[in-house]
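1. from the sequence below, what's the structure:
(chains A, B and C)
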Amino acid sequence: MTELLPFVAELPLVDHHCHGVVGRGVDRAGFERMLTEADTVSPLGTSLFDSLVGLAVRERCAPVLGLPKHAPVADYLDRRAELGAEEVNRRFLRATGTTDFLLDGGFLPDSLTSTGEFAALAGARAHDVVRLEQVAEDVVRAGTTAAGFAADFGAELGKRAANAVGLKSIAAYRVGLELSGERPSGAEVAEAAGRWLARVDGGAPVRLADEVLHRHLVFTGLDLGLPVQFHVGYGDSDVDLHRCDPLLLTGLLRATRGHGVPILLLHNYPFHRNAAYLAQVFEHVFVDAGLITHNAGFRAPAVLAEVLELVPFGKLLFSTDAFGLAELYHLGTALFRQGLSDFLRGALAADALSEVDAVRLARLAGHENAARIYRLESR
Amino acid sequence: MTELLPFVAELPLVDHHCHGVVGRGVDRAGFERMLTEADTVSPLGTSLFDSLVGLAVRERCAPVLGLPKHAPVADYLDRRAELGAEEVNRRFLRATGTTDFLLDGGFLPDSLTSTGEFAALAGARAHDVVRLEQVAEDVVRAGTTAAGFAADFGAELGKRAANAVGLKSIAAYRVGLELSGERPSGAEVAEAAGRWLARVDGGAPVRLADEVLHRHLVFTGLDLGLPVQFHVGYGDSDVDLHRCDPLLLTGLLRATRGHGVPILLLHNYPFHRNAAYLAQVFEHVFVDAGLITHNAGFRAPAVLAEVLELVPFGKLLFSTDAFGLAELYHLGTALFRQGLSDFLRGALAADALSEVDAVRLARLAGHENAARIYRLESR
Amino acid sequence: MTELLPFVAELPLVDHHCHGVVGRGVDRAGFERMLTEADTVSPLGTSLFDSLVGLAVRERCAPVLGLPKHAPVADYLDRRAELGAEEVNRRFLRATGTTDFLLDGGFLPDSLTSTGEFAALAGARAHDVVRLEQVAEDVVRAGTTAAGFAADFGAELGKRAANAVGLKSIAAYRVGLELSGERPSGAEVAEAAGRWLARVDGGAPVRLADEVLHRHLVFTGLDLGLPVQFHVGYGDSDVDLHRCDPLLLTGLLRATRGHGVPILLLHNYPFHRNAAYLAQVFEHVFVDAGLITHNAGFRAPAVLAEVLELVPFGKLLFSTDAFGLAELYHLGTALFRQGLSDFLRGALAADALSEVDAVRLARLAGHENAARIYRLESR
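-> As a prediction, this is how the structure comes out:
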């Protein structure tokens, strides 16, 4: 790790995938619960602050709250409480240098800020990404039929996506990423919807987990021409990570390359090299390294360098995947800048690229690719 | 690679997974056979000394025997023979700075030192880890029935585990790690035991390889409240490595997180990032980077740094997985220190953590986690 | 990246897997199409020159054509056109320092130089590697029967392999690498051939994609005693990369280790650590890091270092997998030298090996292993 290159330090960023922040204060247990992908602190382990992201909070976030680097956890949390959630959120979000946040509001929306509140806190633009499965589940909750599901879903998605810049699939969390490349027929969709509705009628919670339907949602989303994001790889203990290798999407990617609609593979760790390969060989595939960037703390630059082996710079986007804690937006952003800067500085030192190119490529990854893909300039 | 940080050089270590040493001398062919996971030297390749672990022997072990660094192989083996096995073993084991060795005595026990002999050679404490499959196979050899297997195994395991600090499963070597999370019923166990006994009656060797039974062994072990180790990943040519990704254990880990009993994923290479993820999200999961540490020689610090991306420091343990050759305990230990020191030195140089924290985290990984998990202080 | 060690800069190389070059000029679209594994430039992304291999062309190839480092793409392509294909090809091939090229002539042979033309351009020796599937497809095109396929294939392969130094399987591209270890019986081969011939009779293109037949081809090849290369891992969008993990070959490798015939795992990225493991534990397995070496540009040394964790130096070979563009031979070679030099320089700086050993190991990987395995000295 070295000092940031000036043009990376000042690079405007588009965070193309994140969530809202928690508007209220949090205690230590609540903070640790949101710090990593662990649901809770282990009675057998030690504090989750004893991990790279925890060390990064104390290194990089403490100064934003007016504390010395590496302040003890208790001091940090006291100071956080003293400033209050709103001031803390404002400081961290504004420290990012992000001009546009793309918010997936589909997870625990009631406990997080709305898109409008977020924009005000951050002093930046915020855009909506619509979670496909949430729309489908709301359609089922509102009442539909096996035969009517496809039309009802289509209508509701059309409505909600009217002001959105993108869509998102969480198939990875529900059935894994081995989605077939074939668009399901109307009959198949109706049959799968019938199975789902029968389960719900039998008392099961309204939770979509059916390969045919996840696939139908994706194809319906592509029809709208909006970029479709996929959760890929690393996540919490709900995920069967061995079913979340992006290579499992190969068939679907091959089938959809002619649609001209961008598909964005989010997070990707520890399959980030596989994702970078897909971004190289499929015209419509783009990748980021969100979530791991803040989790890996000091090691984030090493992970980003692996992503950069194969991905063309025109196919790399920036995201934090921050959720809940304002610290995570700041860390995800600061560590992305660190990784990008370290990489480019190393290449410049080896005379492997010119400074003109370094500036140009940083701008692609930092915001130009996202602005182009999500058509942000026209908004 | 840099000079060791003083507090890492002097860190007391608990080697939570290793095996006995060979008490007699070994010739060159025998030495090479134990040096890596290859069964033997290839007539098509060159000497196994031409690998990073071989170079590490000549770099780091030669001086312990009073030879210059990088001594030729023939000189090294001559000097080893001249000193004699006992003196060689004593020197290397005592050079480790290890206070406690946890010995899996289940593989080729007749050719290796016993736990007591090992402790005397090393001038340290040595504890037993009981290999579940060995107990089951001994129960079958002693004579049991399909209906009686579960009870007979339970009784024998209780006896052998009475003085043990942990248990170990080698399901990876026999059926891979795709073990279901459901505890098998008594009827399922009896049926599986019947199949096994029939094979043995038909003349097959007494070798357990049945998903239901491996799973039954693990659940029986967890009942005892003793930490259960799993061989994961890298091993010799007997292993089907693509069936040994720790992510295949996700279902079992999800099912057992409420038991409060630690599960330890051993070795893990090349799936070490996957294992670190599991240690982050499951309360009872712990990992190490044994076996690869000495095999990767000069590159061990790079591998360890990858493990450290996600694993909380409270969930990382140290092991060598050394077997047979005394050199491997020394190398595994020295290269773990090197990796830990390089990592912390890099973080300190970047001001990514304080020295107080560096010392504290090193102690967790070096011995505190192991002492807590295996309750070594109470022994 | 550092200056090359003198003995690595001057190391004679055997490129044990590459293809012919395009003899005619290429325009920008054609150049980009051959630059990476993407079929074409994406209208959604930016130029493929905005990737590490593109930057490497401008850094390392521009000076060979008399341009300054980092010359703009347009200048580079203009200069390339001005010099003409033959001069460009000659310059790059002769800049490699390669003494022997092993050419797989099985892909798009009509658009590339022949082995003889290649040798003349390069001023070096060129040898043939015969693609097993191409022979089988030619046998079907020439007319055969289900019952006669095995004999016809055997006869044709014997003829074509008479002057070849090795064989190659592209099963990875057609059915993936999960090939069984059992040699198919004559009846199984006849049945599979019958299925294939029926498809062809029904109008399907003559394209082999049948696990039994790919396996039969490999066993027939091994009978000839010629080294058999396997495409593994990274390739273009035709490949189902999740079916190309070399670990899927474990059963076949276990079954063939007694044959005494070398098996060579090509490319391997992103499964290169898995391949290195196989090379350690199976006597007859060898690996390289071709294709990724030029694609990863500035990052090639980092990838090569990962391969070197487990592979014995007696089992590592050099290849470029260059195809079509003369630049790729130069880049693959220069970046292999860079990676090997960086690795050895790092080890020397840490005093992890002696300079005598460094020179010796570089020679093994650079040409001695290939010369031994392919028996090049006897030709």
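2. I'd assumed residue A:339 was in a strand, is it?
-> No: remark: residue A:339 does not belong to a strand; assigned using DSSP: H, G, I helix; E, B strand; the rest coil, it is helix.
3. ok, stretch A:285-299 near chain B or not?
-> Yes: judged by CB under 8 Å from any CB of the partner chain, stretch A:285-299 and chain B are in contact via A:292, A:295-299. Yep, even glycine has a C-beta here, placed from its N, CA and C like the rest.
4. what sits closest to the one residue in chain A that gets nearest to chain B if chain neighbours are left out?
-> Here chain A gets closest to chain B at one residue, residue A:46, 3.1 Å apart by CB to the nearest CB. The spatially closest residue to residue A:46, leaving aside those adjacent along the chain, is residue B:314, at 3.1 Å (CB to CB, 6 or more residues apart in numbering or on different chains).
5. got the phi/psi numbers for the one you found?
-> Taking degrees, to the nearest 10, you get phi -70, psi 0 for the backbone angles of residue B:314.
6. next, count neighbours for it.
-> Counted by other CB atoms under 10 Å in any protein chain shown, the residues lying close to residue B:314 total 24.
7. circling back: just the residues of stretch A:285-299 next to chain B now: which is nearest chain C?
-> The shortest distance between chain C and any of these, using CB to the nearest CB, involves residue A:299 and amounts to 13.9 Å.
8. verify the contact between that closest one and residue B:309 for me.
-> Yes: contact between residue A:299 and residue B:309 holds when scored by CB atoms under 8 Å: they sit 4.6 Å apart.
9. model confidence over whichever strand or helix holds residue A:327, on average?
-> Of the helices and strands defined by DSSP states H and E, residue A:327 is found in helix A:326-349. In this model, helix A:326-349 has a mean pLDDT of 98.
10. that one packs against which elements?
-> helix A:6-9, strand A:13-18, helix A:52-56, helix A:85-94, helix A:292-295, helix A:300-307, helix A:355-363 (3 or more CB pairs under 8 Å, 6 or more residues apart in numbering or on different chains; DSSP states H and E).
11. hmm, 6 Å instead?
-> For helix A:326-349, the packing partners by 3 or more CB pairs under 6 Å, 6 or more residues apart in numbering or on different chains; DSSP states H and E come out as helix A:6-9, helix A:85-94, helix A:292-295, helix A:300-307, helix A:355-363.
12. dump the ones you listed into a markdown table; add distance to residue A:35 and mean neighbour count as well.
-> As requested, the helices and strands packed on helix A:326-349 are arranged in a markdown table below (distance: least, CB to CB, whole Å; neighbours: other CB atoms under 10 Å in any protein chain shown):
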| stretch | distance to residue A:35 | mean neighbour count |
| --- | --- | --- |
| helix A:6-9 | 26 | 15 |
| helix A:85-94 | 14 | 20 |
| helix A:292-295 | 9 | 30 |
| helix A:300-307 | 15 | 22 |
| helix A:355-363 | 29 | 18 |
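13. between those helices, which one is closest to residue C:282.
-> With CB to CB as the measure, helix A:300-307 is the member of the helices and strands packed on helix A:326-349 nearest residue C:282 (27.1 Å).
14. run the chain-centre distance for that closest one.
-> The gap between where helix A:300-307 is centred and where its chain is centred comes out at 17 Å by CA atoms, centre = their mean, to the nearest Å.
15. does chain B sit close to it?
-> No: if you take CB under 6 Å from any CB of the partner chain as the test, helix A:300-307 misses chain B, and the best it gets is 6.8 Å.
16. how about the residues of stretch A:285-299 next to chain B in JSON lines, adding pLDDT?
-> Supplementary listing: these in JSON lines, determined by pLDDT from 0 to 100:
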{"residue": "A:292", "pLDDT": "98"}
{"residue": "A:295", "pLDDT": "98"}
{"residue": "A:296", "pLDDT": "98"}
{"residue": "A:297", "pLDDT": "98"}
{"residue": "A:298", "pLDDT": "96"}
{"residue": "A:299", "pLDDT": "98"}
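17. from those residues, which is closest to residue B:161?
-> Of all these, the one sitting nearest residue B:161 is residue A:295; the distance, using CB to CB, is 36.9 Å.
18. and the helix or strand hosting residue A:217, what does it pack onto?
-> Assessed by DSSP H and E, residue A:217 sits inside helix A:211-223. Contacts defined by 3+ CB pairs under 6 Å, 6+ apart place helix A:211-223 against helix A:132-142, helix A:186-201.
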